[in-house]
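[1] next comes the sequence, and after it the predicted model I'd like to discuss.
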Amino acid sequence: MDKGARRNLRAFSISKGKNLIPPESDVFVGKRGVFFMKSLVRKWPLLLTTLLACPAVAMAADGEGKYSPADSIWILLGAILVYFMQPGFAMVETGLTRAKNAGNIVMKNFMDFSIGTVAYWIIGFGLMFGTDIGGIIGTPDFFVRAYDPGPDAGYTALEYLFFQTVFCATSATIVSGAMAERTKFSAYCIYSLLISLIIYPISGHWIWGGGWLAELGFHDFAGSTCVHMVGGICALVGAAMLGPRIGKYNKDGTANAIPGHSITLACLGMFILWMGWFGFNGGSTVSMTGDDVIESVGSIMVTTNMAAAAAACTTMCVTWVKYGKPDVSMTLNGGLAGLVAITAGTDVVSVPGSFAIGVISGIFIVYAIEFVDQKLKIDDPVGAIAAHGGCGALGTLLTGIFGVEDGLLYTGNPHFFLIQLLGVVAVAIYVFIAINIVFRIIKATIGLRVTREEEINGLDFEEHGLVSAYADFMMIPDSISGQIEAAKAPEDAVEVPLDKPEPAPLPKEVPADGHRLYNVTIITSDKRFEALKAAMEAIGITGMTVTKALGFGIEKGQTQMYRGAQVSAKLLPKIRVEMVVSAIPPRKIIEVAKKVLYTGKYGDGKVFVSTIDNAVKIRTGEEGFAALQDYPIGEDPVAKEEAAPKAEEK
């Protein structure tokens, strides 16, 4: 323990009337050292408090410092929580897209933070927070060498850089989800770089860097417009220019839902985002000093949570009424919608006001996602355009209504609301034009979209060389070199003329032992397996082979709803049960299966019966009828015959 730490700890302990630190010569020496160790064990709560208080005690002992430990810790904690939103976005996007693109999705989310961190440090931060130039842009400050947070700031320049970097990365990552499953990875890296380097910092300067919107009194506390709407507008332009995924829309313009592969993963991501948002909004006070600030932080935490909860509940109820069942993925989007909407005014609205914002955004998100998907015909797999772009704008406008001090609802004066409206429109126009230029240049040079074959095969393999992002958790082929390409026949395929069918095979002769062997195959709904299995065991079936299958018959699949669009599940989950029998007549199996599986509806299943030439039991070498007879190993007739001569020899 160094002398300075001992001095501070001793000063604190003396002020409490207890001497926790013995003389240095006695520490860990002899009996007094043992006694001291026992003291530490008994008094560890007080000691822990003492250690945590050491920075403050040291500051008091050495004179008041320039920075506030409370403010520094608070801004860093907020930044860490916002950083943790990155895996949240990655999980939401991965869960709401298909498994063949999972690796590509997480790679994009990982790299947009990495690329954005470097780009924002080089020039983006300076453009956003540098000395104002005409209210439009900040003076470039390469590598953040000249920035000074001001004499009243309780944090350092680099702490503030870290805090703003994670916000910048959030804006860039929003675009990934809307353009998922068909975007070139190289193109993604380029436009993600430019968003963090130029587009986000310029509009951010208008709002947070002392630009013209800030001068007018535009209020966006934590980024409904500055972060989320900017990302949402970029996503809108990119997804529209990129075009829909293959199979998303029919020739008549109707939309087909393409369900994501893991709602569980998406829900995990949403929980992470919800937690991170407490740093997103609460940390934006960038201070934890003073009673007013502490009270404000408490209010921000409650309004943030309330809006998200109210929106999620509202979306669940709306989808329940609209679709007949509560839509899980849409409800997750509802929670996100509430968080995005409250972000602009979380510091100026009351708790009832945040509840109202949550309800409004929870209703809005359902119809906004349907509008983008079914009316605009823009394919957004995760709903980023509606959740971030739409709800970001909505929340900023609602701040102008529900703001306690200046809101239209409280004052009757539309001035504040009109400023909010002006800010939303101005930022939307700027971002729309800027990102259009970026996407058009990329499209004309290296291209935005992967090829049709690459999209069908999945971006995990085509872009990153991953056969599967889930490795041993999914059955994958050892090699894909011999796989048949989608919609293409093998080169050695030979067409068989329909007017020259091959003759059907003749029925086999009855085996010498007089027992025919039959293969009975039953294909039915996977939900009926347990009942079928019990019925087969009851009539003496001792073995069966069961495999999972996908298929459909005349019913053409069961129509379901996913995110407001119909899912024509043409490949329904089935099971294929195979039994090879001889002693038990196939007719008996058929009658029992009909009785157990019958519901009178399409999809009850079918039974197929075919003859088997022979069967061989590998363990004993028995063939035909004998191979199908099961005995306990000790009672096996063949084993007994082989064991008899050996017993006589002994």
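    Thanks, I have the structure now.

[2] count the neighbours of Thr547 for me.
    For Thr547, the tally of surrounding residues (other CB atoms under 10 Å) stands at 10. Using the backbone N, CA and C atoms, a C-beta is placed for each residue, glycine as well.

[3] strands of the stretch 101-250 of the chain, start to end?
    132-133, 137-138 (DSSP state E, counting those that start in this stretch).

[4] meant to ask about the chain, not that
    Counting by DSSP state E, the chain has strands at residues 132-133, 137-138, 517-525, 545-551, 558-562, 565-569, 572-581, 606-612.

[5] buried ones in the third one?
    The neighbour-count check on strand 517-525 (16 or more other CB atoms under 10 Å) flags Leu517, Tyr518, Val520, Ile522, Ile523, Thr524, Ser525 as buried.

[6] tell me the mean pLDDT for it?
    If you average the pLDDT over strand 517-525, you get 92.

[7] tell me the strands beside it, with direction?
    According to DSSP bridges, strand 517-525 forms sheet pairs with strand 572-581 (antiparallel), strand 606-612 (antiparallel).

[8] hey, least reliable of those strands by pLDDT?
    Checking each of the strands paired with strand 517-525, the one with the poorest mean pLDDT is strand 572-581, at a mean of 89.

[9] buried residues, that strand. List them.
    Neighbour-count burial for strand 572-581 [16+ other CB under 10 Å]: Leu572, Lys574, Ile575, Arg576, Val577, Met579, Val580, Val581.

[10] could you do stretch 611-625 as well?
    Ile612, Ala615, Lys617, Thr620, Glu622, Gly624, Phe625.

[11] of those, closest to Gly345?
    Ile612 (73.7 Å; CB to CB).

[12] farthest pair within the buried residues of stretch 611-625?
    Most distant of the buried residues of stretch 611-625, by CB to CB, are Ile612 and Thr620, 18.0 Å apart.

[13] low pLDDT regions in the chain?
    Low-confidence segments of the chain (pLDDT under 70): 1-64, 472-514, 554-560, 567-571, 631-650.

[14] tell me which residue is most central in it.
    Val92 (1.5 Å; CA atoms, centre = their mean).

[15] what's the spacing between that residue and Glu370?
    19 Å (CB to CB, to the nearest Å).

[16] got it, and Ile190?
    32 Å.

[17] repeat that for Gly65.
    In terms of CB to CB, Gly65 sits 55 Å off from Glu370.

[18] settle it for me: which of these two has more neighbours?
    Glu370 (17 against 13).

[19] so the more buried one touches Gly564, yeah?
    Yes - using CB atoms under 8 Å, Glu370 is in contact with Gly564, at 4.2 Å.

[20] need phi/psi at Ser68.
    Per-residue torsions, Ser68: phi -100, psi 120 (degrees, to the nearest 10).

[21] got a list of what it touches?
    By CB atoms under 8 Å, 6 or more residues apart in numbering, the contact list for Ser68 reads Gly154, Tyr155, Ser287, Met288, Thr289.

[22] one more time with 10 Å, if that's ok
    By CB atoms under 10 Å, 6 or more residues apart in numbering, the contact set of Ser68 is Ala56, Met59, Trp74, Ile75, Ala153, Gly154, Tyr155, Ser287, Met288, Thr289, Gly290.

[23] do the same with Ser224
    339-346, 388, 391-399, 420, 424.

[24] cool, and Leu265?
    Leu265 touches Ala90, Met91, Val92, Glu93, Thr94, Gly95, Leu96, Thr97, Ala102, counting by CB under 10 Å, 6+ apart.
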